[in-house]
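Visitor: sequence and predicted structure below; questions after.
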Amino acid sequence: MIKLIKNFRRQDFLSLLIFIGISIILYRCINLQYFETDNWVSSSEAREIKPDKIIASRGVIVDRNNEILAESILLDTLGTTDPKFFLKINSEKKIQDLCKIIDKKYDVLKTSLLIKKNKKFAFIGRQLSEDQVKKINELELKGVDYQKEFQRFYPWGEAIGNLVGKTDKDHKGHNGLEKSYNNYLTGKDGTRKVRIDRHGKIVDNITILSPAEDGKKLTLTIDARLQYVAYRELKSKIKEVNAKSGSVIILDTTNGDILASASYPSYDPNDKNAYSNFKERNRGIIDPIEPASTIKPFLLTAALHSGSITLNQTFDTNPGYLKIGGHKYRDFKNYGLLTSEDIVIKSSNVGSVKISQKFNKKIYHDLLEFIGVGDMVNIKFPSEQSGKLLHFSEWDKKDTRSHAIGYALTMTPLQIAKAYSVIANKGVVINPRINKDSFIIKEETKKYKNSFTKVKKVIEKVVENGTGKKASLEGYTVGGKTGTAEVYNKKYDKNKHNSLFAGIIPISKPKLVIVVVINEPENKPNQFYGSFVSAPVFKRIASNSLRILNISPDNLLDNKKRVSNKLENFDITTIKTPEDNYVF
């Protein structure tokens with residue numbers, strides 16, 4: 001054996017090593033090929049083939065005419081699959097230039113990426129515009145990648161911002177209708193099988209495992225044209241009188257459709273820097289106020305229904321004020337003797353208090369409850385308010401008098417609009433709606449029909465001869481009521497007021513109820529009244545709305561007179577004839 005080892009040459013030893021090595025390689029190849037194939041193939045596929053989410057689009061919001069109010073558009077989002085590498089490979093100057101483009105502070109971005117250094121993906125800039133993407137590409141950054149992401153777009157901007165609301169960066173409803181209908185608008189994401197490269201980029205779509213289901217379309221009763229008109233006129237008036245805020249509701253009396261709910265100040269939901277909690281409020285739906293004299297037609301309706309008074313019954317309002325139990329009720333001036341309908345036409349507080357003393361307070365409470373005071377309209381809007389109406393058993397004599405002139409109870413402008421639609425429909429209650437696909441809820445009863453029919457004629461006289469003259473519109477019959485309420489903040493402030501006007505047009509064949517509220521106008525002395533501030537806004541909004549909706553004049557005598565005056569003043573010599581050399 002020792003002799004054999006001695007005779008073993010170096011060449012033979014090397015050959016043995018080579019043989020052993022080849023044998024091991026052959027064994028491993030055979031093992032991989034025939035015995036471990038399934039394990040390695042599945043491991044390879046796990047690295048190359050991955051499930052990927054198919055993002056569903058959020059449902060579109062449209063107005064009654066299919067005009068887009070909110071839609072989702074695909075934008076590029078910039079990120080990195082290796083935050084640590086991104087910070088190391090790119091110069092500080094390039095990253096600072098990037099921060100300027102995406103409007104982000106350098107220190108904030110750097111800290112964010114360092115916190116996420118072990119993450120597989122970190123956002124750098126989300127929902128970027130085409131111009132931003134172009135500028136970023138010019139920087140030639142390394143270690144970055146783009147993903148597609150939805151962003152919400154609102155074509156009508158601030159005119160509808162605090163009604164429709166907005167979404168957050170994760171595409172979830174943040175406020176407004178976007179929030180209350182979030183589940184309805186949110187789609188269901190799908191999944192697909194994709195092939196990725198070693199950098200994590202998708203290089204091939206293999207198959208769809210489950211398709212994405214986009215969110216449902218939400219159709220509103222809103223008419224974007226009327227919404228814009230209401231917002232424009234409201235904003236203009238608020239700036240003119242230096243008011244704090246305001247709201248406008250336009251309601252279709254025939255079906256309860258809310259055609260506009262404008263509120264100022266508002267914000268543009270496309271501008272992330274424009275939003276604030278104060279601007280977010282849609283005051284027409286969520287801010288209850290004391291309705292002041294706009295409640296007086298309902299006081300008269302209840303009194304007529306009780307049978308205790310008639311329209312021609314007279315009341316002595318001398319000397320223009322009334323003292324009861326340490327409280328003083330004043331009129332704008334001394335109106336002397338007034339009939340019950342004149343009390344509404346002239347908006348006499350003294351007369352209203354005297355009417356309230358003529359019948360049982362339960363009758364008045366029941367009517368207020370019937371028209372929806374203290375009862376939420378329930379249009380599925382975030383933070384919608386119900387207002388306040390105490391049960392009549394809790395009213396003392398002072399409360400009854402206060403209710404007669406629109407104090408000690410609160411209503412949102414939307415509730416006031418609903419109440420006036422009851423007058424328009426002669427006692428039929430139609431609950432307002434904002435979702436076009438929701439049911440029309442109508443409560444038909446003849447209980448108050450006769451009384452409301454009489455009061456409907458009275459509020460027409462308010463615009464013809466009373467406090468609502470500035471709301472009159474040529475060619476159309478108008479009915480309505482002004483209101484001016486002192487602002488309550490622990491106590492009533494005689495220097496701060498809410499100015500109101502609620503009107504129906506055309507009142508001979510009602511179509512629209514328009515309620516205008518201007519909060520705390522800083523107007524000239526004694527010109528903070530609803531007749532000076534809100535009634536003219538009603539007129540301008542009504543004029544534009546009737547034209548847009550193509551509603552013909554119903555006051556034929558007034559219309560004929562207007563046309564006749566135009567013809568009388570028309571200079572026929574200004575018309576060019578075909579004989580003229582140039583006809584334009």
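Guide: It's in.
Visitor: got the contact list for E460?
Guide: When contacts are counted by CB atoms under 8 Å, 6 or more residues apart in numbering, E460 touches 477-479, 507. C-beta coordinates here come from the backbone N, C-alpha and C atoms, glycine included.
Visitor: try it again with 10 Å
Guide: The neighbourhood of E460, defined by CB atoms under 10 Å, 6 or more residues apart in numbering, consists of 345, 466, 468, 477-480, 504, 507-508.
Visitor: turn the residues you listed into a markdown table, columns for neighbour count.
Guide: Formatted as a markdown table, the contacts of E460 follow (neighbours: other CB atoms under 10 Å):
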| residue | neighbour count |
| --- | --- |
| I345 | 24 |
| G466 | 21 |
| G468 | 29 |
| T477 | 21 |
| V478 | 27 |
| G479 | 29 |
| G480 | 33 |
| I504 | 29 |
| I507 | 23 |
| S508 | 15 |
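Visitor: closest to E67 out of these?
Guide: The shortest distance between E67 and any of these, using CB to CB, involves I504 and amounts to 26.1 Å.
Visitor: and the closest one, how far from D257?
Guide: 15 Å (CB to CB, to the nearest Å).
Visitor: state the next helix or strand along the chain beyond the host helix or strand of L300.
Guide: With secondary structure defined by DSSP states H and E, L300 is part of helix 296-306. If you walk from helix 296-306 toward the C-terminus, the next helix or strand you reach (DSSP H and E) is strand 314-316.
Visitor: I'd like the next helix or strand past the helix or strand hosting L87.
Guide: Counting by DSSP H and E, the secondary-structure element that holds L87 is helix 83-89. Counting by DSSP H and E, the next helix or strand C-terminal to helix 83-89 is helix 92-102.
Visitor: low-confidence ranges, the stretch 201-350 of the chain, go.
Guide: Judged by pLDDT under 70, the stretch 201-350 of the chain has its weakly predicted residues at 201-203.
Visitor: just the strands in it please.
Guide: Chain-ordered strands for the stretch 201-350 of the chain, with DSSP state E, counting those that start in this stretch as the definition, fall at 202-210, 218-219, 245-252, 258-264, 314-316, 321-324, 327-330, 337-339.
Visitor: helices or strands next to the first one in the packing?
Guide: When contacts are defined as 3 or more CB pairs under 10 Å, 6 or more residues apart in numbering; DSSP states H and E, strand 202-210 sits against strand 49-54, strand 190-196.
Visitor: now do the buried residues in stretch 169-177.
Guide: Neighbour-count burial for stretch 169-177 flags 171, 173-177 (criterion: 16 or more other CB atoms under 10 Å).
Visitor: and that stretch, how far from the chain's centre?
Guide: 12 Å (CA atoms, centre = their mean, to the nearest Å).
Visitor: distance between the ends of that stretch?
Guide: Chord length of stretch 169-177, first to last residue, is 17 Å (CA to CA, to the nearest Å).
Visitor: now do stretch 471-484
Guide: For stretch 471-484, the first and last residues are 15 Å from each other (CA to CA).
Visitor: and the buried residues of stretch 169-177 as JSON lines, adding secondary structure?
Guide: As requested, the buried residues of stretch 169-177 are arranged in JSON lines below (DSSP: H, G, I helix; E, B strand; the rest coil):
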{"residue": "H171", "secondary structure": "coil"}
{"residue": "G173", "secondary structure": "strand"}
{"residue": "H174", "secondary structure": "strand"}
{"residue": "N175", "secondary structure": "strand"}
{"residue": "G176", "secondary structure": "helix"}
{"residue": "L177", "secondary structure": "helix"}
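Visitor: using pLDDT, spot the least trustworthy of the residues you listed.
Guide: Across the buried residues of stretch 169-177, the bottom pLDDT score, 87, is held by H171.
Visitor: how about the nearest residue to K446, chain neighbours excluded?
Guide: In space, and not counting its chain neighbours, K446 is closest to G427: 6.9 Å by CB to CB, 6 or more residues apart in numbering.
Visitor: show me what contacts the one you found?
Guide: 301, 305, 370-371, 443-453, 455-456.
Visitor: what about these, which are in helices?
Guide: Using DSSP state H, the members of the contacts of G427 that fall within helices are 301, 305, 370, 449-453, 455-456.
Visitor: ok, of these, which come out buried?
Guide: Under a neighbour-count criterion of 16+ other CB under 10 Å, the subset of the ones in helices among the contacts of G427 counted as buried comprises 301, 305, 370, 451-452, 455-456.
Visitor: which pair of the residues you listed spans the longest distance?
Guide: Taking every pair in these and measuring CB to CB, the maximum separation is 15.8 Å, between F370 and K456.
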